[in-house]
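Novice: Quick one, structure for this:
(2 chains)
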Amino acid sequence: MTATILVAEDEPLMRERLLGLLATAWPEANVVAVAENGNDAWDAWLEHEPQVVFLDIRMPGMSGLEVAERIGRQSHVVFVTAYDQYAVDAFDAGAVDYLLKPIQPGRLDKALVRLRDKLDSRPDDVSEVVKRVKAASPIKAPEKLKWLKASVGKQIRLIDVDEVLFFQADSKYTRVVLAGSEALVRIPLKDLLGGLDTERFWQIHRGTLVNVNAIRAAERVDAERMQVLLRGSDEVLPVSRSFTYLFRE
Amino acid sequence: MWKRIEKWNREVEAEQLAVLRDPTLVAQVPAGCRRYFARKLAAMSPTEREALHRFSSSVSTSAAVLALLKLCVVLSVLGFLINLAFLRNTPWWETVVTANALGIALAFSLVGVWFNYGKIVRAKRKALVNMVVLGVVGGIFGALTVALNKGDPWTALLDKLPKTVVIVAIVVTALVAIPTIAVAMLRNRYFENLAVQLKRDAEQERLARELSETQLRLLRAQIEPHFLFNTLGAVQQLAEQGAPRAAELTAHLIDFLRGSMSEMRCEQVALETEFSLVDSYLRVMQIRLGERLRYRVDLPPALAATRIPSMLVLTLAENAIKHGIEPSLAGGEIVVSTHEDGGAIRIGVRDSGVGMSDTPGAGTGLENVRHRLRLAYGEGACLLLSEAEPGLLAEIAIPCKEPQ
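Specialist: The predicted structure follows:
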């Protein structure tokens, strides 16, 4: 059986190892993307929406746990970790799939057998376990952003993130739109969104994050597509398919 | 009757020993004379109480009475001899009684002072004045009695008064006050020294204990399983690829493990040893992290033999990797260097990673470093953290001279 796979692992040799072992153990699988950090992993997930994701827990940017939370029940997640006893215990208790580094072929085969079995069913909900592991982890997630620095002409402007209506990816920059003005921030959106509060800023598209307070309405365009209308701006923001669930009644 | 006295005596003795052990028990002592003495005991300093307690519990009342009898015999013989030698006109029993009275009084006061030296040392002048005044009053009273006995008119005594006062004052000061106060002061100095010595011993013991605890912690914490498993994974991967770097990485890992093991066993190492340990650690990390890590280790030959507490620089380097480079999307550079700076040796580990604000959990390693610096140098060394634009600079400053 074939499947689309995303692999996220920061250390090059570990990455090669996982990819090499996967190629041997599951030759028909299609690795659609390989990410070197959490931010790229999430961005690649949005681009490819793979069926299976191998996530290293400790990665630069967003951790594997944070990425898994964002993915929710949209992909089958297999965690990869070197030695995080707190995580391993929780994964065992919650029947969440994980691989210990260095990954050994026999262990990978077992995980793949289980994975192939449930590939057609809806992915398990790992959010509870992930939440528990995050709470037990000695490495705490960085604080959420409060201010952004944007250069406007010769000036550096400080922007209170609460005032932002929406963020939009603009290649290597991020367009920051406020009521009545906008600015460009020299950080790509994929690296910015991990620092923003997910309760306050909803990602509605691979390239768009919108302030919940600025949403006036969401409307259907057709059976598949939706768009968001704003307070304080006339722009209309498209909602991609993987995020329409946010507006389902 | 005798039995009741004995019982009472035993009771008082037990009660006083209890008060000496725990002065708060004073409140339970029956009011009156017993309470009065108990309160006096409770007011003594802990060392004094300790000494008195040791004395009282080793010497029973009967032994004390026996000693007193012996003293009486010695004093009586002395009085009798004095009578024979100098005072033939006085009846012999008078000198014997006087000798006993004076001797026992002095003995009691010395015993009192022996155990209650603190009070006298604390108020030397008051004690001296008290003794002299009492002596003088006694002297005048004595002279008056003698004069009246002889039948002299008491007015004749007035002429002699100043002379009597001066003589009595001098005698009392020389024979009673000065020895008493001297004994008190000697005792006090002895116990003060003892207390200082005990305190120093306790402090040293505490430091030694902390040191071994820190070493244990080091032993447990240094070689992280995370590091080991990831590195072994990298070795395995390289080996399976047939890459020559597999052997290279293994060699660095061996250097690192061997270095750590031997450093953990010593309290101090030469900078050269420490830097080569750091170098093998960073080599391992460099192979693992690839382009994401660049590093440099600079040790001026002049400082190579300088001794520092072991594993400190390694802890800083591990910190730089764990909280600076690994969380950074782009990776960065680590520079380990050292230089002499006016009486201090500064050892810096700078990383161009995510910097101070984004390093949650960086505390334990650094706390460990601070702790070990304190153990080795007291206030003479420090660990400084500063923003390095980008990244973080962690710097140890230690005095040039060797730690104790």
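Novice: okay, now the domains of chain A?
Specialist: Per automatic domain parsing, the domain ranges recorded for chain A read A:4-136, A:147-247.
Novice: same check, this time on chain B
Specialist: Segmentation of chain B into domains, based on automatic domain parsing, reads B:2-197, B:224-399.
Novice: which of the ones you listed sits most buried?
Specialist: domain B:224-399 (a mean of 19; mean count of other CB atoms under 10 Å in any protein chain shown). The way it works is simple: take the backbone N, C-alpha and C, and place the C-beta from them, glycine included.
Novice: And it, how far out from the chain middle?
Specialist: Distance of domain B:224-399 from its chain centroid, counting by CA atoms, centre = their mean, to the nearest Å, is 36 Å.
Novice: What mean pLDDT does that domain get?
Specialist: Mean pLDDT, computed over domain B:224-399, is 89.
Novice: circling back to that earlier point, among the domains of chain B, which is nearest chain A?
Specialist: For these, the distance to chain A is smallest for domain B:224-399, at 2.8 Å, taking CB to the nearest CB.
Novice: start to end distance for the closest one?
Specialist: With CA to CA, to the nearest Å as the measure, domain B:224-399 spans 30 Å from end to end.
Novice: hang on, the earlier thing: dump the domains of chain B into a markdown table; add distance to chain A as well.
Specialist: Shown next, in a markdown table, are these (distance: least, CB to the nearest CB, whole Å):
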| stretch | distance to chain A |
| --- | --- |
| domain B:2-197 | 44 |
| domain B:224-399 | 3 |
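Novice: Is it possible to get a markdown table of those domains that adds distance to residue A:38?
Specialist: Putting those into a markdown table (distance: least, CB to CB, whole Å) gives the following:
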| stretch | distance to residue A:38 |
| --- | --- |
| domain B:2-197 | 59 |
| domain B:224-399 | 9 |
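Novice: what's the most buried one of the domains of chain A?
Specialist: Mean neighbour count (mean count of other CB under 10 Å) peaks for domain A:4-136 among the domains of chain A, with a mean of 19.
Novice: For it, what is the distance to the chain centroid?
Specialist: 12 Å.
Novice: now for the helix or strand encompassing residue A:22, which elements pack on it?
Specialist: Using DSSP states H and E, residue A:22 sits within helix A:12-25. Judged by 3 or more CB pairs under 8 Å, 6 or more residues apart in numbering or on different chains; DSSP states H and E, helix A:12-25 is in contact with strand A:4-8, strand A:30-35, strand A:52-56, helix A:105-118, helix B:225-241, helix B:271-289.
Novice: Pipe those into CSV and attach distance to residue B:307 per row.
Specialist: Formatted as CSV, the helices and strands packed on helix A:12-25 follow (distance: least, CB to CB, whole Å):
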stretch, distance to residue B:307
strand A:4-8, 45
strand A:30-35, 46
strand A:52-56, 40
helix A:105-118, 46
helix B:225-241, 26
helix B:271-289, 8
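Novice: between the helix holding residue A:22 and helix B:271-289, how many degrees?
Specialist: Helix A:12-25 runs at 40 degrees relative to helix B:271-289, counting by axes from the mean of the first three to the mean of the last three CA atoms, to 10 degrees.
Novice: Helix A:12-25 versus helix A:105-118: what angle between them?
Specialist: Interaxial angle of helix A:12-25 relative to helix A:105-118 (the same axes, to 10 degrees): 60 degrees.
Novice: Contacts made by helix A:12-25 with the rest, please.
Specialist: A:5, A:7, A:9, A:29, A:31, A:34, A:36, A:54, A:56, A:80, A:101-103, A:105, A:108-109, A:112, B:230, B:233-234, B:236-238, B:240-241, B:287-290 (CB atoms under 8 Å, 6 or more residues apart in numbering or on different chains).
Novice: and the domains of chain A as TSV, adding mean pLDDT?
Specialist: Shown next, in TSV, are these (pLDDT from 0 to 100):
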stretch	mean pLDDT
domain A:4-136	90
domain A:147-247	90
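Novice: List the contacts of residue B:194.
Specialist: Counting by CB under 8 Å, 6+ apart, residue B:194 touches residue B:47.
Novice: Which pLDDT value does the model give it?
Specialist: pLDDT, residue B:194: 85.
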